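[1] build me a structure from this.
(2 chains)
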Amino acid sequence: DAGVIQSPRHEVTEMGQEVTLRCKPISGHNSLFWYRQTMMRGLELLIYFNNNVPIDDSGMPEDRFSAKMPNASFSTLKIQPSEPRDSAVYFCASSKGTGMWELFFGEGSRLTVL
Amino acid sequence: DAKTTQPPSMDCAEGRAANLPCNHSTISGNEYVYWYRQIHSQGPQYIIHGLKNNETNEMASLIITEDRKSSTLILPHATLRDTAVYYCIVVQGPGTYKYIFGTGTRLKVLA
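    Predicted structure coming up:
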């Protein structure tokens, strides 16, 4: 079975540009998570969706960040405008549910904002 | 959710058992202990979880103390491919979605 698929794997952009990261969760999973990982802050939960509905976006750092899940097989994380401090690896993860179910992570999208 | 404490780094000789400790002294009765690992440049990967009984699967064994205040992840025969950051996480159960990964233990398996 295909795992969680993220694209792009690497993105280099200039400050002020719009960045869109994409995620395809595992089929049948109803929970989707976006995490950000940096050396300074480790893995941080940005937003959590359940059945395509955003449940908790308290981890989204600023209004420049937005996330959508238009259907069960696709989610996007958008940064507009991007800033150098947004440089990080962004991971998408999915699970069959919450709590007892293991998280399946994608390979991540490494973002560099110049 | 209970906080966990792990040593920042450990070394292990290839072929030997790697024993990774985790302290979770404030764990409550309905909280589970989960272990994930992150190999360089990859997303975290689930290893094992348990409540109060010892658990074993094809990847590792999890030993939880009787008072549940600490646990040990055991990789019985470490290989170079086990070099990774290992995260011990306490999870409350159904409905929990905030997994606090912390800084983990960086395990280096030496040839």
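
[2] point me to the residue of chain B nearest chain A.
    residue B:43 (2.9 Å; Cβ to the nearest Cβ). C-beta here means a position set from N, CA and C on the backbone, and glycine is covered the same way.

[3] and that residue, how many neighbours does it have?
    Neighbour count of residue B:43, defined by other Cβ atoms under 10 Å in any protein chain shown: 23.

[4] name the SS class of it, please.
    Judged by DSSP: H, G, I helix; E, B strand; the rest coil, the three-state class of residue B:43 is coil.

[5] residues touching residue 88, list them.
    Just going to use chain A. Residues near residue A:88 by Cβ atoms under 8 Å, 6 or more residues apart in numbering or on different chains: A:36-38, A:110-111.

[6] ah, no, chain B please
    With Cβ under 8 Å, 6+ apart, residue B:88 has these contacts: B:4, B:6, B:20, B:22, B:24, B:33-35, B:71, B:73, B:102, B:104-105.

[7] tabulate these in TSV, adding columns for secondary structure and distance to residue A:11.
    TSV is the format used below for those (DSSP: H, G, I helix; E, B strand; the rest coil; distance: Cβ to Cβ, whole Å):
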residue	secondary structure	distance to residue A:11
B:4	coil	32
B:6	coil	32
B:20	strand	34
B:22	strand	35
B:24	coil	37
B:33	strand	36
B:34	strand	30
B:35	strand	31
B:71	strand	38
B:73	strand	34
B:102	coil	27
B:104	coil	26
B:105	strand	30
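
[8] from what I see, the residue of chain B closest to chain A and residue A:107 are in contact.
    Yes: if you go by Cβ atoms under 8 Å, residue B:43 and residue A:107 touch, sitting 5.8 Å apart.
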